[in-house]
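**Student:** here you go, sequence then predicted model.
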Amino acid sequence: MKTLLQRVSGASVATVSSIAGEIGPGLLAFVSFGRSDTEEDLAWMSRKIIGLRIFPDSKNSMNLSVSDIGGDILIVSQFTLHADSRKGRRPSFMNAALPERAELLYNLFIEIVSHTGLKVSSGIFGAMMKISLVNDGPVTIMVDSPSERIC
């Protein structure tokens, strides 16, 4: 599992017809699932992003987590994080989970993160979406689950 986290002052995701999800200060999490990802990867990633200390404390040091500040989380599926562009000019997505499996993992991940007590919003799996965000910092962090690092 790969997650691209952005610390935001606010973010929203919209489809052609409506706003699907919207948050205030917190994290925008773009998530992508690999072929070998398991529920253990989802649980690990949930704990990691909830506890990652990337928010400023009173001394402006990155010492606080999204949980510490009572922030929100917006989760958006983005399979292109699994792009392999080392060869040629067209990225390969061979390592990305197949759509049916990815959708199942995406919905399960949202459910797991929702049980943290934080406000969680999400995009719509497989939909064309427009993302709006105000990156705070900017702070952008890539997180790979342990099984991703083995591949």
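**Tutor:** Arrived safely, thanks for sending.
**Student:** and E148, what's its pLDDT?
**Tutor:** pLDDT for E148: 76.
**Student:** use 10 as the first number for this chain going forward.
**Tutor:** Fine by me, first position is 10 from now on; the one you just mentioned is E157.
**Student:** that one belongs to a strand, doesn't it?
**Tutor:** No - remark: E157 does not belong to a strand; assigned using DSSP: H, G, I helix; E, B strand; the rest coil, it is helix.
**Student:** now the top strand by length along the chain: mean pLDDT?
**Tutor:** The longest strand of the chain (DSSP state E) is strand 139-153. The average of the pLDDT scores along strand 139-153 is 96.
**Student:** go on, stretch 117-127?
**Tutor:** This predicted structure assigns stretch 117-127 an average pLDDT of 96.
**Student:** next: stretch 84-101.
**Tutor:** Along stretch 84-101, the predicted local confidence has a mean pLDDT of 94.
**Student:** what pairs with the longest strand of the chain, parallel or antiparallel?
**Tutor:** strand 11-23 (antiparallel) (DSSP bridges).
**Student:** how about the helices in the chain?
**Tutor:** Counting by DSSP state H, the chain has these helices, from start to end: 48-60, 75-78, 108-123, 155-159.
**Student:** how confident was the prediction at the spatially most central residue of the chain?
**Tutor:** For the chain, the residue lying nearest the average C-alpha position, counting by Cα atoms, centre = their mean, turns out to be A38 (2.3 Å). In the prediction, the pLDDT value recorded for A38 is 98.
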